[in-house]
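Provided below are the primary sequence and the corresponding predicted coordinates.
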Amino acid sequence: AMGTVQQRLQRFLDRPGPISDLLGRLEARTGVRRFYLATGSLAFVGLYLVFGYGASLVCNLIGFAYPAYVSIKAIESSSKEDDTTWLTYWVVYGVFSIAEFFSDIFLYWFPFYYAGKCLFLVWCMAPVSWNGSQVLYHSIIRPCFLKHHRAVDSVLSDLSTKALDAASAITREGNVGPTLIMGQLSVPHTPPVSHPISPQ
């Protein structure tokens, strides 16, 4: 089984792409095989996520920086398949971020929390058909969306209408106020009428 995992990892590391290019340059300069460079780097990052300072920042960079970079490349490419792939990732990432807001309160102290979170995000962006984004989207998020999207659309439409009505009312009040003030200011000031005192 280990041999199979090693072979799969080796094939992934040899696949053309930015990671393969970086490992290829490091391999040429150091003389160390890319397999050992990759596994050593993964081990270092894993240990840092467990014991290092700023593990939350490192984990967020892994889950955000690389996906953001390849998402820009997907936008600029003519293919729509990669757009769908990374849109799916960001939907799952958004749902996960909302859930994480509550889980952090209870789990941030757990020593392997950030390592587990990082592994989860790497699984979500993994270049395989069974990655976390595809599995979670099609098994949980999509069915929930199809079941409730009409109700959500209705609520959003009502909120949008109320917001536009409120903005229109505020605008009208804002326009009437200065007009009335200017009208009051434009009324000419009438001096008081003086009544001559009749001589006694």
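Nice, I can see it.

where is the longest helix in this structure?
The longest helix of the chain (DSSP state H) is helix 142-186.

could you list the low-pLDDT ranges of this structure?
1-10, 12-14, 17-21, 36, 42, 44-54, 104-108, 111, 174-200 (pLDDT under 70).

domain-wise, how is it divided?
The chain breaks down by automatic domain parsing into domains covering 1-52, 54-171.

export those domains to JSON lines and tack on mean neighbour count?
For glycine as for every other residue, the C-beta is placed from the backbone atoms N, C-alpha and C. Shown next, in JSON lines, are the domains of the chain (neighbours: other CB atoms under 10 Å):
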{"stretch": "domain 1-52", "mean neighbour count": "13"}
{"stretch": "domain 54-171", "mean neighbour count": "13"}
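
which stretches in the chain count as helices?
Applying DSSP H to the chain gives helices spanning 2-14, 18-30, 34-51, 55-76, 81-107, 113-125, 132-136, 142-186.

could you measure from Val135 over to Val152?
Note on Val135: its distance to Val152, by CB to CB, to the nearest Å, is 23 Å.

tilt between the longest helix of the chain and helix 81-107?
If you take axes from the mean of the first three to the mean of the last three CA atoms, to 10 degrees, helix 142-186 sits at 80 degrees to helix 81-107.
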